[in-house]
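Novice: Sequence below, structure please.
(one chain, ligands or ions: 1)
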Amino acid sequence: MSPIELAIIGIFGLWIGWLIDWIVNQMPREDHWHNPGVCPNCGEKHQNWLRWIPILRHVGREKCPGCDHLYGRRGFIIELVTAVSILVIAQVFGWSWMMLWYILTVIILVPIATIDIEFQIIPDSLLLFGLIPLAGLWITNYSSELLTFIIGGLVLGLGLLTVSIVGRWIYKQDVMGFGDVKFVAWMGLILGWKIGLVALGLGFLLATAVFLVLMPLGKVRLKQEVPFGPFLVGGMFLGMVYGRTLLDWYLNNFVYI
Ligand SMILES: [Zn+2]
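Specialist: Residues are numbered from 1 along each chain as shown. Okay, here's the model as predicted:
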């Protein structure tokens with residue numbers, strides 16, 4: 001990809017992130033669609049055209065001058081993460097069907113992680129949208145090896161369902177929500193069982209790494225309910241981009257047949 005193509009895709013990614021932040025903002029209040037750039041607390045409009053520009057709209061905008069409502073940095077992070085993820089996909093896969101379907105998958109992954117962090121749920125509606133890149137991938141790329149992907153959905157979904165049931169039996173509380181089970185089944189259908197398992201492993205590794213860092217800092221405690229979705233999302237993204245390479249490397253170095 002040329003620098004100009006990447007620049008255009010990057011700017012597109014920032015605006016997609018802007019849109020995702022706006023849509024996620026509607027989640028807790030279904031009664032009305034508030035305008036971007038309008039204080040959600042007092043409804044005062046403090047920004048004009050700048051509110052349409054990702055990244056720049058956050059500069060010098062810490063809190064509402066009318067009511068001191070803190071705006072937070074979530075929108076900024078969403079815009080940046082979306083743009084960078086889309087750029088990585090574009091750079092790795094180039095202009096192809098794969099790039100299109102994976103970018104669409106990223107557009108679904110970002111709000112899944114955000115909503116899981118804020119509300120501890122993975123909405124079915126987002127997983128339903130996830131059927132679009134799934135169908136696309138199956139038709140344009142995997143039509144000759146569909147079994148791998150159907151097995152992926154079954155193995156990962158049923159595997160996590162078992163973990164969830166056994167976990168509840170042992171700990172007498174939910175260790176894993178049913179949303180996570182559905183998400184992982186969807187991931188298996190998109191990645192196939194081999195890369196799907198790599199992605200799941202990476203998700204668990206990410207979760208473990210973050211816990212090992214946060215526990216000594218006192219930010220999280222054992223048995224505290226922590227959304228698992230963002231780690232699964234991270235694992236799935238890494239699986240999409242590096243799963244094939246990681247798998248080949250592992251098979252070449254550690255498996256002797
Ligand atoms: Zn306000």
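
Novice: Identify the residues contacting residue 189.
Specialist: Contact analysis of residue 189 by C-beta atoms under 8 Å, 6 or more residues apart in numbering lists 134, 149, 150, 152, 153. In this view, the C-beta of every residue, glycine as well, is placed from N, C-alpha and C.

Novice: in the helix or strand that contains residue 127, what's buried?
Specialist: Remark: residue 127 resides in helix 124-129, with elements defined by DSSP states H and E. For helix 124-129, burial by neighbour count (16 or more other C-beta atoms under 10 Å) applies to 126, 127, 129.

Novice: Check which element follows it along the chain.
Specialist: helix 131-140.

Novice: Show me what that following helix is packed up against.
Specialist: With contacts taken as 3 or more C-beta pairs under 8 Å, 6 or more residues apart in numbering; DSSP states H and E, helix 131-140 sits against helix 97-119, helix 178-214.

Novice: try it again with 6 Å
Specialist: Packing contacts for helix 131-140, counted by 3 or more C-beta pairs under 6 Å, 6 or more residues apart in numbering; DSSP states H and E, involve helix 97-119.

Novice: Just the CA trace of the helix it packs on, in PDB.
Specialist: Output of helix 97-119 as PDB, limited to C-alpha atoms (Å, rounded to 0.1, in the frame of the first residue of the first chain):
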ATOM      1  CA  TRP A  97     -12.000  -9.400  -0.100                       C
ATOM      2  CA  MET A  98     -10.100 -10.400   3.100                       C
ATOM      3  CA  MET A  99      -9.300  -6.800   3.900                       C
ATOM      4  CA  LEU A 100     -13.000  -5.700   3.400                       C
ATOM      5  CA  TRP A 101     -14.500  -8.400   5.600                       C
ATOM      6  CA  TYR A 102     -11.800  -8.000   8.300                       C
ATOM      7  CA  ILE A 103     -12.300  -4.200   8.400                       C
ATOM      8  CA  LEU A 104     -16.000  -4.900   8.800                       C
ATOM      9  CA  THR A 105     -15.200  -7.300  11.600                       C
ATOM     10  CA  VAL A 106     -13.000  -4.600  13.400                       C
ATOM     11  CA  ILE A 107     -15.900  -2.200  13.100                       C
ATOM     12  CA  ILE A 108     -18.000  -4.700  15.100                       C
ATOM     13  CA  LEU A 109     -15.200  -5.600  17.500                       C
ATOM     14  CA  VAL A 110     -14.600  -2.100  18.800                       C
ATOM     15  CA  PRO A 111     -18.100  -1.400  20.100                       C
ATOM     16  CA  ILE A 112     -18.300  -5.000  21.500                       C
ATOM     17  CA  ALA A 113     -15.200  -4.300  23.600                       C
ATOM     18  CA  THR A 114     -16.400  -0.800  24.600                       C
ATOM     19  CA  ILE A 115     -19.900  -1.900  25.600                       C
ATOM     20  CA  ASP A 116     -18.600  -4.900  27.500                       C
ATOM     21  CA  ILE A 117     -16.300  -2.700  29.500                       C
ATOM     22  CA  GLU A 118     -19.100  -0.300  30.300                       C
ATOM     23  CA  PHE A 119     -22.200  -2.500  30.700                       C
END
